[in-house]
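**Q** Next comes the sequence, and after it the predicted model I'd like to discuss.
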Amino acid sequence: MTNEAPSSRRAAKFLAIGAVVLGIALGLFGTFAIPRFRDVFEAFGTYLPWQTKLLIDFPYLLWTPLVLSLVLWWLLRSDKARVVGYIIILLCEFVSIPLIVTSMYLPIFNLARMG
């Protein structure tokens, strides 16, 4: 057990909970929503950008932040190191959300531009 301030321990737990919850949400989206997009895009028969193809072909990559969060908690013993690690994971998760949404809508934007 480390001899660190309770505030850093609370911060680490708070950030860990946020990273895990957001990781679960991303993973569930990748597991259940993205396969439905695959069917829609196949029905359109349109060109798919590489970002969209990547998400459609490997939707389980969206479970990566959750796995990293759990591994981080297990590997790092210092609460201060955990705080920094979880801040980085949360930033990556928050940046990935608009990128995922944009990637899934790019084919739709292409169809609208062609039509």
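**A** Done, it's in. Residues are numbered from 1 along each chain as shown.
**Q** only C-alpha atoms for contact and neighbour calcs from this point on.
**A** Will do.
**Q** May I have the helix or strand of the chain with the lowest mean pLDDT exported as CSV, CA atoms only?
**A** When the helices and strands of the chain are scored by mean pLDDT, DSSP states H and E, helix 34-44 comes last with a mean of 86. C-alpha atoms of helix 34-44 as CSV (Å, rounded to 0.1, in the frame of the first residue of the first chain):
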residue,chain,number,x,y,z
ILE,A,34,-21.6,-1.0,-36.0
PRO,A,35,-22.7,-4.3,-37.5
ARG,A,36,-26.0,-2.7,-38.3
PHE,A,37,-24.2,0.0,-40.2
ARG,A,38,-22.5,-2.7,-42.3
ASP,A,39,-25.9,-4.0,-43.5
VAL,A,40,-26.9,-0.4,-44.4
PHE,A,41,-23.7,0.3,-46.3
GLU,A,42,-23.9,-3.0,-48.2
ALA,A,43,-27.4,-2.1,-49.3
PHE,A,44,-26.2,1.3,-50.5
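**Q** Could you pull out the helices in the chain for me?
**A** For the chain, the helices defined by DSSP state H cover 6-28, 34-44, 50-57, 64-75, 79-114.
**Q** Out of those helices, name the one with the poorest average pLDDT.
**A** Among these, helix 34-44 carries the lowest mean pLDDT, at a mean of 86.
**Q** just checking, what packs against the least confident helix or strand of the chain?
**A** Other helices and strands packing on helix 34-44, by 3 or more Cα pairs under 8 Å, 6 or more residues apart in numbering; DSSP states H and E, are helix 50-57.
**Q** in the helix it packs on, what's buried?
**A** Buried positions in helix 50-57, judged by neighbour count with 16 or more other Cα atoms under 10 Å: 52, 55, 56.
**Q** Dump those into CSV; add distance to residue 7 as well.
**A** Shown next, in CSV, are those (distance: Cα to Cα, whole Å):
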residue, distance to residue 7
52, 41
55, 38
56, 41
